[in-house]
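Undergrad: Here is the input, now give the coordinates:
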Amino acid sequence: MHSVDGQVNTTYTCFSQTDVPSIRPAEAAKGWTQVASKQSQLSAPRSIMTDLIYTWGTLAHTSGKNPYGVNVLWGDGHINFCTIKAAFDRKLWGATGANPTSQTPGDNASSWRTIVSFLRP
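TA: Here you go, the predicted model:
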């Protein structure tokens, strides 16, 4: 396997989530949750850390140059490879290459949070 940009990517993103919906109604409606500030707030079905979620072209796990999953560390400490299709909707990823734009998740907080909210064990 190789990433679309032909490089080996070994970066991870840390974002500890709770199961408590965001206090902002518009964010809660998107499935976003509050950020965990203590270990006791972590939740098994919510991610703590993932492979880099930046651009379509920098995802590490691809098939035919199409991303299909990310490694995820979950709130209960287990790790698995998540392939939830909703998280890989091209509309959330903006441009399809390795170059970031204002629409790619690495530079668009709304897209990034939405992708992370879709991830489930």
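Undergrad: Where do the strands of this protein begin and end?
TA: For the chain, the strands defined by DSSP state E occupy 12-14, 17-21, 33-35, 47-51, 61-63, 66-74, 79-82.
Undergrad: Now the terminal residues of stretch 58-72, how far apart.
TA: 16 Å (CA to CA, to the nearest Å).
Undergrad: Check the gap between the residue nearest to Ser16 when sequence neighbours are not counted and Val20 for me.
TA: Excluding the flanking residues, the one nearest Ser16 by CB to CB, 6 or more residues apart in numbering is Ala36, at 4.0 Å. In this view, the C-beta of every residue, glycine as well, is placed from N, C-alpha and C. In this view, Ala36 and Val20 are 9 Å apart by CB to CB, to the nearest Å.
Undergrad: Comparing these two, which residue is more hemmed in?
TA: Taking other CB atoms under 10 Å, Ala36 and Val20 do not tie; Ala36 has more neighbours (19 against 14).
Undergrad: Tell me how far the spatially most distant residue from the centre of the chain lies from Gly75.
TA: Within the chain, the residue lying farthest from the chain centre (CA atoms, centre = their mean) is Ser40, at 21.9 Å. Separation of Ser40 from Gly75 (CB to CB): 10 Å.
Undergrad: Ok, Thr33 next?
TA: 11 Å.
Undergrad: what residues do the two have in common as contacts?
TA: Residues touching both Thr33 and Gly75 (CB atoms under 8 Å, 6 or more residues apart in numbering): Gln17, Arg46.
Undergrad: circling back: would you list the strands of the chain in TSV and tack on distance to Arg120?
TA: Below are the strands of the chain laid out as TSV (distance: least, CB to CB, whole Å):
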stretch	distance to Arg120
strand 12-14	17
strand 17-21	12
strand 33-35	12
strand 47-51	9
strand 61-63	17
strand 66-74	9
strand 79-82	7
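Undergrad: Quickly, which of those bottoms out on average pLDDT?
TA: Of all these, strand 61-63 carries the lowest average pLDDT, namely a mean of 78.
Undergrad: what's the weakest-modelled helix or strand in the protein?
TA: strand 61-63 (a mean of 78; mean pLDDT, DSSP states H and E).
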